[in-house]
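Participant: Predicted coordinates and the sequence they were generated for:
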2 protein chains.
Amino acid sequence: MTSPPDPDPDPDPDPTHATGLLIYEVLRLHGRLIAAGDALMAGLGLSSARWQVLGTVAASAAPLTVSDVARILGQSRQSVQRLVNEMERDGLLEAAANPAHRRATLVRLTAAGRDLHAAAEARRLPWTEGLAAGLGGADAAQAARTLAALRRLLERAEPPAGG
Amino acid sequence: MTSPPDPDPDPDPDPTHATGLLIYEVLRLHGRLIAAGDALMAGLGLSSARWQVLGTVAASAAPLTVSDVARILGQSRQSVQRLVNEMERDGLLEAAANPAHRRATLVRLTAAGRDLHAAAEARRLPWTEGLAAGLGGADAAQAARTLAALRRLLERAEPPAGG
DNA sequence: TCTCCATTGACAATATGTTGTCATTCTCGC
DNA sequence: GCGAGAATGACAACATATTGTCAATGGAGA
């Protein structure tokens, strides 16, 4: 059996090549993070998808609409809407009137939602600590800044015209 | 309407916090990359999911099985299997006998698959170039190394025990 | 050889995410 | 006020990904 080839972290200073490699690494990492998050939160009945929504609402100082959450997570409005609807049915989130927009209600945590988020944080933190020990804080912070810069480039860019 | 809060690239040297931020950025970036890839390859009839499979098979020096591709991409065997089956029906990939394992056939590109991959690269490269110009090659390379390190940590780690 | 067991491909069920469409609501310019 | 256009929530169809299960295959050790 062939073993999965691990493309060398190329010392090539070609910025395009490096950026292509970075993008490929984000794609490769994503599935593993989802799987790890699902496993980590399994006992809480919290999928990675729901955890992302819960965490985003919990972390935001200002109250958010469904569309806000979708923009933050980089997902479609409709995907997040379905998750939020389910989580409202499950009593984790509730809608609050939005004085600025009657139709676009604000999403906020219920007491149960806050409890679940606290439990999730209690699991996430030591897990993250273990990963941080293997990464180093400086590299992690630097990489996070670079990814944020890439994200902003994608947000500003016109949807690529495909030709 | 509230605008999506952009968490400051925190100067806090706490490694756990930095790693948590990095993970969150990977999640936020992923959706935007998928959307950009879909848009970029739309005219070729190539979704981001298929593009990832095509690119992985094309880039590998050694022939790969379906399970190999799944491991490289960090996705489940079954997801990749379905994509490969569809792409075989579409004439982009073909199965080749695996001398080491009769059941686990090797996946390789057909001529049509090679052509499509070349066309995809012709679109990907200038797009990546534009992003690289906004990132800087050194930062991109450094971030790619950090993400690869994080990926290896997740691959080595036992599936987190969820408690 | 034979048994155990991990790996693999196939299939089904389900969860998650995108795209398209529509009516409603808001914003902006006049 | 008023009309045009953008933003929003609802709904449907489809694409993608995970999980669970099963039989077939190959590898390692008795």
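Facilitator: Done, it's in.
Participant: so what does the longest helix along chain A touch, helix or strand wise?
Facilitator: In chain A, assigned by DSSP state H, the helix with the most residues is helix A:15-41. With contacts defined as 3 or more CB pairs under 8 Å, 6 or more residues apart in numbering or on different chains; DSSP states H and E, helix A:15-41 has these neighbours: helix A:48-59, helix A:111-135, helix A:137-156, helix B:15-41, helix B:66-73, helix B:111-135, helix B:137-156. Bear in mind the C-beta positions are built from the backbone N, C-alpha and C, glycine included.
Participant: One more pass at 7 Å, please.
Facilitator: Helices and strands touching helix A:15-41, by 3 or more CB pairs under 7 Å, 6 or more residues apart in numbering or on different chains; DSSP states H and E, are helix A:48-59, helix A:111-135, helix B:15-41, helix B:66-73, helix B:111-135, helix B:137-156.
Participant: Just confirm yes or no for the longest one near DNA strand C.
Facilitator: This points to helix B:15-41. Yes - counting by CB under 7 Å from any atom of the strand, DNA strand C is contacted by helix B:15-41 at B:31, B:34, B:35, B:38, B:39.
Participant: got the contact list for residue A:15?
Facilitator: For residue A:15, the contacting residues are B:132, B:136, B:137, B:140, by CB atoms under 7 Å, 6 or more residues apart in numbering or on different chains.
Participant: The third one and residue A:22: what is the separation?
Facilitator: By that I understand residue B:137. For residue B:137, the distance to residue A:22 equals 10 Å [CB to CB, to the nearest Å].
Participant: between the two, which one's more packed in?
Facilitator: A direct count of neighbours by other CB atoms under 10 Å in any protein chain shown for residue B:137 and residue A:22 places residue A:22 higher, at 28 against 17.
Participant: For the closest residue to the more buried one other than its chain neighbours, give me its contacts.
Facilitator: In space, and not counting its chain neighbours, residue A:22 is closest to residue B:144: 4.1 Å by CB to CB, 6 or more residues apart in numbering or on different chains. By CB under 7 Å, 6+ apart, the contact list for residue B:144 reads A:9, A:18, A:21, A:22, A:25.
Participant: and if you look at residue A:74?
Facilitator: For residue A:74, the contacting residues are B:28, B:29, B:30, B:31, B:32, by CB under 7 Å, 6+ apart.
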